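Asks: what follows is a predicted structure for the sequence shown.
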Amino acid sequence: MITTIISLFILLFAITIHEAAHGWAAYRLGDPTAMAAGRVTLNPLAHIDIFGTVILPLLLALFGAPVFGWAKPVPVNPHFLRNPRKDGFWISLAGPAANVLAAVSALLLILILKLVSPVTTTALYNFLTSRGGLPAGLQPLQGLVIILFYLVLINTYLVAFNLIPMYPLDGSGVLEGLLPDRLADSYERLRPYGFLIVIILISVGLLDLIIRPLQYLILAVIFF
């Protein structure tokens with residue numbers, strides 16, 4: 001239950017900065033649509049999708065699966081963009097980039113706290129090996145390291161998930177912005193089938209193949 005509560009609150013934060021970054025990038029590139037719709041904000045209520053932000057992450061957390069989800073898509077009007085495909089690349093990349101920044105910042109804070117007080121990461125290890133039970137005598141800094149760990153983990157999950165190069169995920173906009181015009185036009189034809197393809201890729205374990213090595217890398221950086 002403790003792990004579930006921590007994960008859901010951090011997921012809400014991660015999705016909020018993700019979507020706000022999309023809207024901010026679009027605004028900087030000339031599209032005021034998201035700004036006018038109130039989506040360039042750190043208020044999570046503006047971004048919540050009932051299924052993607054609440055129901056799915058809760059089910060994943062309860063079943064012990066990696067927690068991820070999505071928010072309401074940020075509206076983008078390509079008519080306001082000078083170069084819709086090139087600008088779309090940066091708008092799509094902005095969300096995952098915000099999550100990378102959050103994950104790296106949290107990881108650096110963990111390493112700083114480890115140098116200041118090595119017992120903080122010992123408490124994190126005890127927490128993880130006790131299947132989510134709080135260690136006895138937990139101190140504030142130790143609790144902070146546990147929260148920071150999940151901040152790293154969940155933001156990393158979101159980056160891995162969203163960079164799958166298939167509609168409607170951000171990876172599709174990133175890939176489309178990199179492809180030559182002819183290939184981009186061919187790739188565009190996959191759009192109607194994108195969500196189905198994403199579900200199939202997840203069901204066959206693709207996301208797990210991406211996430212597990214990242215998870216081991218994070219643990220290695222923290223504990224070794």
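Replies: Received, thanks. Numbers count the residues shown, from 1 in each chain.

Asks: going by C-alpha atoms from here, please, whenever you check contacts or count neighbours.
Replies: Noted.

Asks: run through the chain and note the low-pLDDT ranges.
Replies: 1, 64-69, 131-138 (pLDDT under 70).

Asks: which residues in it form strands?
Replies: Along the chain, no segments are classed as strands by DSSP state E.

Asks: so which residue is dead centre in it?
Replies: residue 158 (2.4 Å; C-alpha atoms, centre = their mean).

Asks: distance check, that residue against residue 117.
Replies: Note on residue 158: its distance to residue 117, by C-alpha to C-alpha, to the nearest Å, is 30 Å.

Asks: likewise for residue 149?
Replies: Using C-alpha to C-alpha, residue 149 is found at 16 Å from residue 117.

Asks: comparing those two, which residue is more hemmed in?
Replies: Per other C-alpha atoms under 10 Å, whichever of residue 149 and residue 117 has more neighbours is residue 149, with 21 against 13.

Asks: the more buried one contacts residue 107, doesn't it?
Replies: Yes. Using C-alpha atoms under 8 Å, residue 149 makes contact with residue 107 at a distance of 7.2 Å.

Asks: burial of the closest residue to residue 210 other than its chain neighbours, as a residue count?
Replies: Distance criterion C-alpha to C-alpha, 6 or more residues apart in numbering; nearest residue to residue 210, sequence neighbours excluded, is residue 160 at 6.8 Å. Residue 160 is flanked by 18 other residues according to other C-alpha under 10 Å.

Asks: next: residue 168.
Replies: Look at residue 168: counted by other C-alpha under 10 Å, it has 18 neighbours.

Asks: kindly report the same for the one 4 residues further on.
Replies: Here the number of neighbours of residue 172 (other C-alpha under 10 Å) works out to 24.

Asks: quick one: contacts for it?
Replies: Residue 172 sits next to 163-166 when contact means C-alpha atoms under 8 Å, 6 or more residues apart in numbering.

Asks: now stretch 9-28 - C-alpha only, PDB.
Replies: Taking Å, rounded to 0.1, in the frame of the first residue of the first chain, the C-alpha atoms of stretch 9-28 are listed here in PDB:
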ATOM      1  CA  PHE A   9       1.600  10.500  -6.500                       C
ATOM      2  CA  ILE A  10       4.900  10.500  -8.300                       C
ATOM      3  CA  LEU A  11       3.200   9.300 -11.500                       C
ATOM      4  CA  LEU A  12       0.900  12.300 -11.200                       C
ATOM      5  CA  PHE A  13       3.800  14.600 -10.900                       C
ATOM      6  CA  ALA A  14       5.700  13.000 -13.800                       C
ATOM      7  CA  ILE A  15       2.700  13.100 -16.100                       C
ATOM      8  CA  THR A  16       2.100  16.800 -15.200                       C
ATOM      9  CA  ILE A  17       5.600  18.000 -16.100                       C
ATOM     10  CA  HIS A  18       5.500  15.800 -19.200                       C
ATOM     11  CA  GLU A  19       2.300  17.400 -20.600                       C
ATOM     12  CA  ALA A  20       3.200  20.900 -19.500                       C
ATOM     13  CA  ALA A  21       6.500  20.500 -21.300                       C
ATOM     14  CA  HIS A  22       4.700  19.500 -24.500                       C
ATOM     15  CA  GLY A  23       2.500  22.600 -24.300                       C
ATOM     16  CA  TRP A  24       5.400  24.900 -23.400                       C
ATOM     17  CA  ALA A  25       7.400  23.700 -26.400                       C
ATOM     18  CA  ALA A  26       4.400  24.200 -28.700                       C
ATOM     19  CA  TYR A  27       3.900  27.700 -27.400                       C
ATOM     20  CA  ARG A  28       7.600  28.600 -27.900                       C
END
